[in-house]
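K.L.:
turn this into a structure:
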Amino acid sequence: MKDLFYAYIQNLQNQICAGLEAVDGTTKFREDLWKRPEGGGGRTRVIENGAVFEKGGVNISAVHGKLPDTMQKMFGVGEADFFACGLSLVIHPKNPMVPTVHANWRYFEMYDTSTSLSTGPRKVINQWFGGGQDLTPYYLFEEDAKHFHQTCKTACDKHNPEFYPLYKKKCDEYFWNAHRNEARGLGGLFFDYCKANEQMSMENWYDFVTEVGNSFLEAYVPIVERRKNLPYSPEQRNWQEIRRGRYVEFNLVHDKGTLFGLKTNGRIESILMSLPPHVQWVYDHHPETGSDEEKLILILQNPKTWI
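P.N.:
Residues are numbered from 1 along each chain as shown. Model prediction:
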């Protein structure tokens with residue numbers, strides 16, 4: 001399974017980068033190949049200072065080694081080896097009318113330490129898929145929210161009609177800035193610890209996760225095309241940078257992927273590529289009553305059903 005999924009995310013990275021480069025039209029992704037001393041490595045691709053995308057990254061990695069003590073406690077296991085691979089992306093647009101987007105799709109295995117490659121196939125003691133995709137706008141266009149969520153629902157419904165409402169709810173719960181009492185964005189899908197059960201084999205989960213991955217460009221690109229040439233004012237750009245600050249807060253305080261990377265000696269440049277280049281923290285800032293900015297905040301404080 002790990003080889004199959006790693007091959008998939010390599011191809012998906014190529015497809016997504018090509019699709020985003022076509023939308024921007026002026027710049028290309030820069031590629032860095034890196035290795036992790038403890039085992040594994042990755043392929044980081046970053047786009048910067050384009051006509052549409054101010055900064056973004058579409059990264060893949062496959063890492064392995066001893067499960068750190070902190071992760072042993074988290075998973076409730078003793079000594080174990082692990083393998084993890086995934087694709088993670090964050091795209092920060094220049095125009096505040098275009099939303100930021102995040103997505104990732106990942107696979108994880110743990111092994112019995114009494115087995116090794118030299119004695120044959122390793123004994124897998126746990127394995128699961130995780131991932132999702134979510135939208136973080138600076139100005140609310142309900143048409144965009146409905147399109148993004150409908151694309152997510154269509155992908156989910158091909159596998160189980162209960163998946164979209166379940167994983168939409170989990171997304172609203174996960175991307176919640178508890179210290180601000182508001183959502184990071186308008187949500188989408190979030191699923192984790194997707195293990196084999198009576199209804200879903202690991203092959204079934206693979207089919208579902210790749211379905212969602214394949215839907216990403218369809219979910220995001222039409223929104224970018226609709227909004228990328230809209231005019232905006234310095235005040236609207238200022239609001240975008242203030243809201244980006246909330247994005248940074250979530251990633252550094254709550255995000256499991258960031259914390260996992262830091263605790264497993266991940267590559268710092270790749271982990272922190274999700275942070276936007278221009279951000280503001282304004283003391284005790286509140287939008288004007290009745291403004292478009294307040295309209296967004298009210299939705300973030302009370303996540304809604306879009307479809």
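
K.L.:
got any ranges where the protein has weak pLDDT?
P.N.:
114-122 (pLDDT under 70).

K.L.:
all helices for it, in order.
P.N.:
For the chain, helices defined by DSSP state H occupy the ranges 2-24, 69-75, 142-157, 163-174, 202-214, 216-227, 234-253, 256-263, 268-271, 292-301.

K.L.:
out of the ones you listed, flag the one nearest residue 102.
P.N.:
Evaluated over the helices of the chain, closeness to residue 102 peaks at helix 234-253, with 8.8 Å, by CB to CB. Any C-beta I mention is one placed from the backbone N, CA and C, and that applies to glycine too.

K.L.:
rewinding a little: with respect to residue 37, which of the helices of the chain lies nearest?
P.N.:
So among the helices of the chain, helix 268-271 is nearest, using CB to CB, at 13.2 Å.

K.L.:
can I get that closest one in CSV? Just the C-alpha atoms.
P.N.:
Output of helix 268-271 as CSV, limited to C-alpha atoms (Å, rounded to 0.1, in the frame of the first residue of the first chain):
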residue,chain,number,x,y,z
ILE,A,268,11.8,23.1,8.8
GLU,A,269,11.7,24.9,5.4
SER,A,270,9.1,22.5,4.1
ILE,A,271,7.1,22.5,7.3
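
K.L.:
how about TSV for the helices of the chain, with mean neighbour count and distance to residue 89 added?
P.N.:
Listed next are these as TSV, based on neighbours: other CB atoms under 10 Å; distance: least, CB to CB, whole Å:
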stretch	mean neighbour count	distance to residue 89
helix 2-24	17	7
helix 69-75	13	23
helix 142-157	19	15
helix 163-174	19	16
helix 202-214	19	10
helix 216-227	19	8
helix 234-253	17	13
helix 256-263	16	11
helix 268-271	16	11
helix 292-301	16	22
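
K.L.:
adding distance to residue 108, write the ones you listed out as a markdown table.
P.N.:
Output for these, formatted as a markdown table (distance: least, CB to CB, whole Å):
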| stretch | distance to residue 108 |
| --- | --- |
| helix 2-24 | 9 |
| helix 69-75 | 10 |
| helix 142-157 | 21 |
| helix 163-174 | 17 |
| helix 202-214 | 12 |
| helix 216-227 | 20 |
| helix 234-253 | 20 |
| helix 256-263 | 9 |
| helix 268-271 | 17 |
| helix 292-301 | 30 |
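
K.L.:
of all those helices, which one is nearest residue 40?
P.N.:
helix 2-24 (10.2 Å).

K.L.:
and that closest one, what does it pack against?
P.N.:
strand 40-48, strand 53-66, strand 81-93, strand 100-111, helix 202-214, helix 216-227 (3 or more CB pairs under 8 Å, 6 or more residues apart in numbering; DSSP states H and E).

K.L.:
just to revisit the earlier point, looking at the helices of the chain, spot the one closest to residue 128.
P.N.:
Short answer: helix 202-214, nearest of the helices of the chain by CB to CB, at 7.9 Å.

K.L.:
which residues are contacting that closest one?
P.N.:
Here helix 202-214 makes contact (CB atoms under 8 Å, 6 or more residues apart in numbering) with 1, 4-5, 8-9, 12, 87, 103, 105, 107, 127-129, 131-133, 152, 155-156, 158-160, 163, 189, 194-196, 200.

K.L.:
if we go to 6 Å?
P.N.:
The list of residues contacting helix 202-214 from outside it, by CB atoms under 6 Å, 6 or more residues apart in numbering, reads 1, 8, 12, 105, 129, 131, 155, 158-159, 194, 196.

K.L.:
residue 44 is nearest to which of the helices of the chain?
P.N.:
helix 268-271 (4.6 Å).

K.L.:
tell me the gap between the closest one and the middle of its chain.
P.N.:
Mean-position distance between helix 268-271 and its chain equals 14 Å (CA atoms, centre = their mean, to the nearest Å).

K.L.:
same check, this time on stretch 270-287
P.N.:
17 Å.

K.L.:
again with stretch 21-41
P.N.:
For stretch 21-41, the distance to the chain centre is 16 Å (CA atoms, centre = their mean).

K.L.:
repeat for stretch 181-194
P.N.:
10 Å.
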